[in-house]
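Asker: Here is my input, please return the structure:
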Amino acid sequence: MSQQEFATHPRTSRNDAEPLAPANVPVPTPEIADPGPLGLAGFAMTTFVLSVFNAGLLPATLTADVLGLALFYGGIVQLLAGMWEFRKGNTFGALAFSSFGAFWLSFWYYIAYVAPKLPAADVHNATGLYLLGWTIFTAYMTVASLRTTAAVAAVFVALTATFLLLTISEFAQASSIGKVGGYVGLLTALLAWYASFAGVTNATYKRVVLPVRPLT
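Answerer: Next comes the predicted model:
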C-alpha cells in the first residue's frame, strides 16, 4: 500500500480511542444505581429535624440546627439525586428531587440571609408567600405521583398538607396551626424514610422485602 493510500484508508487498532465496532452499533453505557433512596433520605432527615421545631417539641431558639442539613443533605445531595434521575430518564424523580433540593438550598439562604433583613412586622407575609409557592408546586406533583407508587404518593399527599398548614399558619400568624403542620411534617418524614428504606433494601436483597405497591 502506497503512502497516499495509507493516508486515505488509515488502519484502526485496539489502541485507538474508538472501539472496534460498526458505526451503526451503539456503544453500551454502564447503568447507574437508583438515586431515589438517596434523594428520599436527604429529604426525610431534613424534614424531620425542621418539623421537630415546627411542632414545638424543642425550643425555636435551636432552629438554626437545621441549616447545615438544609444546605448539604437536603439541598446539595437531593439536587445531585435529581441530576442522576435525569440520567436515568425519570422525569418525575428528576423534577421532584431537583426542585426540593433547591427548596432546601433556598430555605437555608432565606433563613440565614433574607429573613433577618426584612421588616419584622412583615416577615410572616414573606414567609407565607414563599410557602404558598411550594404548596402549589407540591400539589400538582402530588397529582403526578399518583402514577408512581403508593409510598411516594403518600409522601406527596402528606407534604402538600404540611406546606398548606404552614402557609396558613404564617399568613394568619396562628402558631397552633403551625404546630399541627409540624406534626404532619413528622409524618411526611417517616413516610419518606420508609420509601427510602424500601428502595435501598429491595435493591440490596434483589427481591421485595418491603412493599412499595405501584399505583399504575
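
Asker: Which parts of this structure are helices?
Answerer: Counting by DSSP state H, the chain has helices at residues 3-8, 36-54, 67-71, 78-88, 91-109, 123-145, 150-172, 175-205.

Asker: Look up how far residue 49 lies from the residue lying closest to residue 78 once chain neighbours are set aside.
Answerer: The shortest distance from residue 78 to any non-neighbouring residue, by C-beta to C-beta, 6 or more residues apart in numbering, is to residue 101 (3.4 Å). C-beta: built from backbone N, CA, C; applies to glycine. Distance of residue 101 to residue 49, given as C-beta to C-beta, to the nearest Å: 16 Å.

Asker: got a list of what the residue nearest to residue 78 touches?
Answerer: When contacts are counted by C-beta atoms under 8 Å, 6 or more residues apart in numbering, residue 101 touches 39, 42, 74, 75, 76, 77, 78, 79, 80, 81, 82.

Asker: can we see that at 6 Å?
Answerer: Residue 101 sits next to 75, 78, 79, 82 when contact means C-beta atoms under 6 Å, 6 or more residues apart in numbering.

Asker: Make a markdown table out of the residues you listed and add distance to residue 185 and pLDDT.
Answerer: Listed next are these as a markdown table, based on distance: C-beta to C-beta, whole Å; pLDDT from 0 to 100:
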| residue | distance to residue 185 | pLDDT |
| --- | --- | --- |
| 75 | 17 | 98 |
| 78 | 16 | 98 |
| 79 | 21 | 98 |
| 82 | 21 | 97 |
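
Asker: Next up, the contacts around the one residue sitting closest to the centre of the chain.
Answerer: Closest to where the C-alpha atoms of the chain average out (C-alpha atoms, centre = their mean) is residue 97, at 2.7 Å. Neighbouring residues of residue 97 by C-beta under 6 Å, 6+ apart: 39, 78, 81, 82, 85.

Asker: So the second one sits against residue 39, correct?
Answerer: Yes. With contacts defined as C-beta atoms under 6 Å, residue 78 counts as touching residue 39 at a distance of 5.1 Å.

Asker: Give me the distance between the residue nearest to residue 78 and residue 34.
Answerer: Counting by C-beta to C-beta, the gap from residue 101 to residue 34 is 17 Å.

Asker: okay, and for this protein, where does confidence drop off?
Answerer: 1-30, 216 (pLDDT under 70).

Asker: Quick one: neighbours of residue 176, just the number.
Answerer: Residue 176 sits with 10 neighbouring residues when counted by other C-beta atoms under 10 Å.

Asker: What about residue 209? Give its phi and psi, please.
Answerer: phi -100, psi -40 (degrees, to the nearest 10).

Asker: Leaving out sequence neighbours, find the closest residue to it.
Answerer: Nearest residue to residue 209, sequence neighbours excluded (C-beta to C-beta, 6+ apart): residue 201, at 4.9 Å.
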